[in-house]
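J.: Got a predicted model here, sequence first, then my questions.
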Amino acid sequence: MLHLAGLLAGNFALAIGPWFVRLADSGPVSAAFWRLLLPLPLLGWLAWREREPLAGFGRGTWAALAIAGAVFAFDLASWHLGIERTRLGNATMFGNSGSLLLMIWGLFVARRSPRLAELAAVLFALTGASIMLGRSLEIDRATLTGDLLCILAGLFYVAYLLLIKRAREQFGSWSLLFYSTGAGIPVMLGIAILLGEPVWPHNWGPLIALALGSQVIGQGLLVFTLRHFSALVLGVVLLTQPIVGVIVGWLAFGETMSELDWLGMILVAAALVLTRLGEGQKA
């Protein structure tokens, strides 16, 4: 239960990130750049404390980390651009749309017939997410581009999770986060400059909160708990982020919550319980 609590807490910290992106006075991709750069010294110190020997890792391992960092940069760039162009609920939902692919991938790689609890979890998660999607979706000319960018970000994020999940078997959690974060920084800065965004902010508060909340706490807890869960469980847990997004939209922006919103959240919560039951049935 401790690892599940950590995974849920990490997802909560990641889910409130769009709030700080909206508050930042830099460009959206520039905000993602500072999200990676500001916590790097802290991540470096935490990685150093792990005292992990680096001599045993070949070029393939370092190349995989570099690719993971670049993919994560593309994920953040797409998502932050989408956050500026659509509603907060849409951004959170579409940004985690790839979690459904992660759930299906988790069943595929298991190379066995899915258990009843796993099938029920997928059904509940899909139904709950569909209900919330139907409630938050407002596709028109103003938000279509933002929605599509957030969907693209969700696909990048699944690729990133699969890459670091494999690397997690060789690296400590802080070392892995430090190297993947460092690899994404130049990519992120290049995208921001290419888009002509203002990079230097006037108000550092939202960027510091974004860096500590999303990159240190959110990604830190996610990387720490990766080895303890299958791709199926990770996919279901990612669907808790839209729940947080709906609540934040309700509290911060006055977005209303209907009975359907509550029903969607209950179904996703039930899916979490069922995935844990499915994990407990393993031999």
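T.: Sure, I can see it. Since the model is a prediction, treat every value here as computed from it, not as a measurement.

J.: now the stretch 101-250 of the chain, which segments are flagged as low pLDDT?
T.: Counting by pLDDT under 70, the stretch 101-250 of the chain has low-confidence residues at 101-104, 106-107, 109-114, 132-142, 231-232, 235.

J.: Could I get the full set of helices for it?
T.: 116-136, 144-167, 173-194, 205-210, 219-225, 231-238, 240-253 (DSSP state H, counting those that start in this stretch).

J.: The shortest one: which residues count as buried?
T.: By neighbour count on 16 or more other CB atoms under 10 Å, the buried set for helix 205-210 is 206-207, 209-210. Where C-beta positions appear, they are placed from N, C-alpha and C, glycine not excepted.

J.: My read is that Phe33 contacts Gly190, right?
T.: No - assessed by CB atoms under 8 Å, Phe33 is found out of contact with Gly190, at 9.4 Å.

J.: more crowded one of those two?
T.: Neighbours were counted for Phe33 and for Gly190 using other CB atoms under 10 Å; Phe33 has more, 28 against 14.

J.: ok, that one - contacts?
T.: Residues near Phe33 by CB atoms under 8 Å, 6 or more residues apart in numbering: 185, 188-189, 192, 199.

J.: Make TSV out of those and add neighbour count and distance to Leu260.
T.: Listed next are those as TSV, based on neighbours: other CB atoms under 10 Å; distance: CB to CB, whole Å:
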residue	neighbour count	distance to Leu260
Ile185	18	41
Met188	27	37
Leu189	19	42
Ala192	23	38
Val199	14	41
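
J.: So which of those is the closest to Ala120?
T.: For these, the closest approach to Ala120 (CB to CB) belongs to Met188, at 39.6 Å.

J.: Confirm for me that the closest one is in contact with Trp79.
T.: No - with contact defined as CB under 8 Å, Met188 does not count as touching Trp79 (11.9 Å).

J.: joint contacts of those two?
T.: Common neighbours of Met188 and Trp79, counting by CB under 8 Å, 6+ apart, are Ala32.

J.: Let me know the secondary structure of the residue lying closest to Leu195 once chain neighbours are set aside.
T.: Nearest residue to Leu195 in three dimensions, chain neighbours excluded: Val29, at 6.0 Å (CB to CB, 6 or more residues apart in numbering). At Val29 the chain is in helix, as set by DSSP: H, G, I helix; E, B strand; the rest coil.

J.: Give me the nearest residue to Phe224, chain neighbours excluded.
T.: Closest residue to Phe224 apart from its sequence neighbours, by CB to CB, 6+ apart: Ser173 at 4.2 Å.

J.: check contacts around that neighbour.
T.: So Ser173 contacts 220, 223-224, 226 (CB under 8 Å, 6+ apart).

J.: In PyMOL, how would I select just the buried ones from these?
T.: A single PyMOL command is used to select the members of the contacts of Ser173 judged buried by 16+ other CB under 10 Å:
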select buried, resi 220+223+224+226
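
J.: between the contacts of Ser173, which is nearest Asn96?
T.: Leu226 (16.4 Å).
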